[in-house]
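K.L.:
need a structure here:
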Amino acid sequence: MLVAAAVCPCPPLLVPEVAAGAAPELDAARAACADALGVLAAARPDLLVVVGPAEETGTSPQGTPGDFRGFGVDVGVRLGAGADGAEPQGVLPPSLAVAAWLLERTGRPDAPIEGLGVGEPTSAERCIRTGRELAARAGRVALLVMGDASACRTLKAPGYLDERAAPFDASVARALGSADVSALKELDIALARELQVSGRAPWQVLAGAAEEADLAGALLYEDAPYGVGYLVATWS
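P.N.:
Down below sits the predicted model:
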């Protein structure tokens with residue numbers, strides 16, 4: 001059963017070496033992420049699953065490496081402590097690499113950890129079903145859910161300015177802040193795609209996992225630096 005969840009944005013700019021001179025601009029977001037991860041540790045889960053957007057759906061076992069060389073810095077990470085036995089194959093998708101960096105920086109629950117990358121085209125039904133399956137994996141399951149809101153909040157945003165972006169992000173913030181499972185299930189997939197929302201599928205995995213959990217939500221951070229909506233929330 002799901003006992004806790006933390007929702008964090010996944011821009012590589014959260015890593016100070018990637019952000020370079022602009023690093024202080026996201027200090028508040030980093031602090032909120034650290035607070036959110038503290039909620040996961042306090043829940044004492046039997047299993048921690050990191051869920052984030054990826055080009056293709058796939059799993060990453062504990063110990064999978066990742067890095068930020070594609071963003072111009074030689075910073076490596078690993079998803080949890082090294083696994084026993086053979087070195088895990090593959091590398092973490094960027095969203096899970098950011099999650100691994102957050103976990104290394106703030107500490108993680110003393111529990112097995114694994115990653116799940118969710119492809120953007122994944123249907124709401126499949127995301128919800130995946131969440132249910134994750135929640136049934138152990139007696140106490142925690143999720144670290146990575147994903148950004150719209151990328152269309154300003155003229156200089158990656159997706160330029162779209163007047164629908166701010167209302168969409170506000171509705172997601174309300175849903176995450178109040179642990180509104182139904183609202184997340186009903187997110188408009190087509191609109192999310194047009195607004196370049198990377199968090200839609202991971203948020204709907206969370207909705208499926210939380211169906212029977214009766215958790216309370218708290219919104220810790222909401223802003224749109226660089227024209228991209230970043231949200232941090234906890235469910236516990």
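K.L.:
hmm, which helix or strand of the protein has the shakiest average pLDDT?
P.N.:
The weakest-scoring helix or strand in the chain, judged by mean pLDDT, DSSP states H and E, is helix 16-19 (a mean of 93).
K.L.:
what packs against the host helix or strand of Ala233?
P.N.:
Taking DSSP states H and E as the definition, one finds Ala233 inside strand 230-235. When contacts are defined as 3 or more Cβ pairs under 8 Å, 6 or more residues apart in numbering; DSSP states H and E, strand 230-235 packs onto strand 2-8, helix 27-42, helix 165-177, strand 217-223. No exception for glycine: its C-beta is placed from N, CA and C like everyone else's.
K.L.:
Now do the residue nearest the centre of the chain, the pLDDT please.
P.N.:
By Cα atoms, centre = their mean, the chain has its centre lying nearest to Met146, at 0.8 Å. Here the pLDDT value assigned to Met146 is 98.
K.L.:
Regarding the closest residue to it other than its chain neighbours, what is its secondary structure?
P.N.:
Excluding its sequence neighbours, the residue lying closest to Met146 (Cβ to Cβ, 6 or more residues apart in numbering) is Gly52, at 3.5 Å. Three-state assignment for Gly52 (DSSP: H, G, I helix; E, B strand; the rest coil): strand.
K.L.:
my read: Gly52 touches Pro202, true?
P.N.:
Yes: counting by Cβ atoms under 8 Å, Gly52 touches Pro202, with 5.7 Å between them.
K.L.:
Now list whatever residues contact both of the two.
P.N.:
Common neighbours of Gly52 and Pro202, using Cβ atoms under 8 Å, 6 or more residues apart in numbering, are Val118, Val145, Met146, Gly147.
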